[in-house]
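Colleague: model this:
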Amino acid sequence: EAQLVESGGGLVQVGGSLRLSCAASGFNVDDYYIGWFRQAPGKEREEVSCMRSSDGNNYYADSVKGRFTISGDNAKNTVFLQMNSLKPEDTAVYYCNFKVLFSRIEYWGQGTQVTVSS
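Modeller: Have a look, this model is predicted:
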């Protein structure tokens with residue numbers, strides 16, 4: 001069974017850092033995107049960052065460029081999101097997302113809360 005398990009959320013002060021982890025299991029696909037979305041209260045879910053498995057190309061939303069870094073550990077099938085210089089507007093539930101290219105197959109993690117206090 002395909003599964004995404006997130007960890008690493010929490011409460012941090014403005015300017016602080018957090019690292020999110022997403023462990024993927026049960027997938028047997030060669031070409032996919034894996035990354036992170038977030039949803040703040042009263043707002044739509046937005047894509048934060050993702051990476052493509054076949055070539056490692058990354059995407060970052062403009063709002064997080066220069067502050068967030070996505071990386072992966074292929075041996076552990078885990079993707080990380082290092083978040084630095086956190087701002088109150090980064091407060092949201094962060095969801096790990098796995099999307100198979102050229103298909104509608106998509107999986108979501110359960111979400112992890114990130115709260116940045118000012």
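
Colleague: How much space separates the most centrally placed residue in the chain from I70?
Modeller: Among the residues of the chain, the one closest to the centroid is W36, at 2.4 Å (C-alpha atoms, centre = their mean). As judged by C-beta to C-beta, to the nearest Å, W36 and I70 stand 7 Å apart. No exception for glycine: its C-beta is placed from N, CA and C like everyone else's.

Colleague: quick one: common contacting residues for the two?
Modeller: Overlap between the contact sets of W36 and I70, as judged by C-beta atoms under 8 Å, 6 or more residues apart in numbering, is given by S49, C50, L81.

Colleague: which one of those has the most neighbours?
Modeller: L81 (25 neighbours; other C-beta atoms under 10 Å).

Colleague: What about that one? Give its phi and psi, please.
Modeller: phi -130, psi 110 (degrees, to the nearest 10).

Colleague: Then L18?
Modeller: Backbone geometry at L18, expressed as degrees, to the nearest 10, gives phi -140, psi 150.

Colleague: The one 10 residues further on too?
Modeller: When quoted as degrees, to the nearest 10, the phi and psi of N28 stand at phi -140, psi 70.

Colleague: circling back to that earlier point, show me the contacts for the residue nearest to the centre of the chain.
Modeller: With C-beta under 8 Å, 6+ apart, W36 has these contacts: L20, C22, E47, V48, S49, C50, I70, L81, Y94, Y95, C96, N97.

Colleague: which phi and psi does the second one have?
Modeller: Meaning C22. Dihedral angles (degrees, to the nearest 10) for C22: phi -140, psi 110.

Colleague: swap in the last one?
Modeller: Phi and psi for N97, reported as degrees, to the nearest 10, are phi -130, psi 140.

Colleague: Please tell me I have it right and it contacts E106.
Modeller: Yes. Contact criterion C-beta atoms under 8 Å: N97 and E106 qualify, at 6.9 Å.

Colleague: so which strand or helix has the residue nearest to the centre of the chain?
Modeller: strand 32-39 (DSSP states H and E).
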